[in-house]
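Trainee: need the 3D shape of this:
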Amino acid sequence: MHEQNIFLVGLMAVGKSTVGRQLAEALDRPFFDSDHEIEARAGAEIAWIFDVEGEVGFRDREEQVIDDLSQMQGIVMATGGGAVLRKINRQNLAARGLVFHLDSSLEKLYARTHKDKKRPLLQSADPRKVLKDLKEKRAPLYQEIEDYRISTDRQNATAVVRQIMRQINKRK
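Mentor: The predicted structure follows:
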């Protein structure tokens, strides 16, 4: 029997990549970060892709990467925060694995991102408002496909990994 894929979704800075790496190690599975895979395939950083191809170009690349990776078996994948914007991505993630929605408060998200210059969507005069708008727009999309929702506000990545492992073990 194939091991079920584990997909992590949620807004930027909720800890998907950090948790994903630790979870993959704990489960002895390969880990993929869809944003890193996009950069590797493009030979360029996401900020550059946004500048040159716009958000649509980036989302096209993201869709292809998520389709490719989600067809693998037994992986852990952290998705980009906006991966859920396209229905095909939501369908592929929901159909091809167990989806964990990592969530965090606006205050925590802002604290984790306010000095980060590598997040194209936050390069605005009011990044707090951008985060609020993103959270409002994307929350229903994450909820549509989540099997489990875990808050990362008050626990470190190791504690989140333990929580995910408990949920996985309950399903066996």
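
Trainee: flag every buried residue along stretch 61-76.
Mentor: 61, 62, 63, 65, 66, 69, 70, 75, 76 (16 or more other C-beta atoms under 10 Å). Heads up, the C-betas are built off the backbone N, CA and C, glycines and all.

Trainee: tell me which residues of stretch 30-48 come out buried.
Mentor: For stretch 30-48, by 16+ other C-beta under 10 Å, it's 31, 32, 33, 34, 35, 37, 38, 39, 42, 46.

Trainee: where in this protein is pLDDT low?
Mentor: 1-2, 117, 120 (pLDDT under 70).

Trainee: check which element follows the strand ranked longest in the chain along the chain.
Mentor: Criterion DSSP state E: the longest strand present in the chain is strand 97-103. Where DSSP states H and E defines the elements, the next helix or strand beyond strand 97-103 is helix 106-113.

Trainee: specify the angle between that next one and strand 97-103 in degrees.
Mentor: If you take axes from the mean of the first three to the mean of the last three C-alpha atoms, to 10 degrees, helix 106-113 sits at 90 degrees to strand 97-103.

Trainee: ok, and what's touching helix 106-113?
Mentor: Contacts with helix 106-113, where a contact means C-beta atoms under 8 Å, 6 or more residues apart in numbering, come from 11-14, 104, 119, 122, 127-128, 131-132, 135, 152-153.

Trainee: just among those, which is most surrounded?
Mentor: residue 14 (26 neighbours; other C-beta atoms under 10 Å).

Trainee: so how far is residue 99 from the residue most central in space within the chain?
Mentor: In the chain, the residue lying closest to the centroid (C-alpha atoms, centre = their mean) is residue 79, at 3.0 Å. Distance of residue 79 to residue 99, given as C-beta to C-beta, to the nearest Å: 9 Å.
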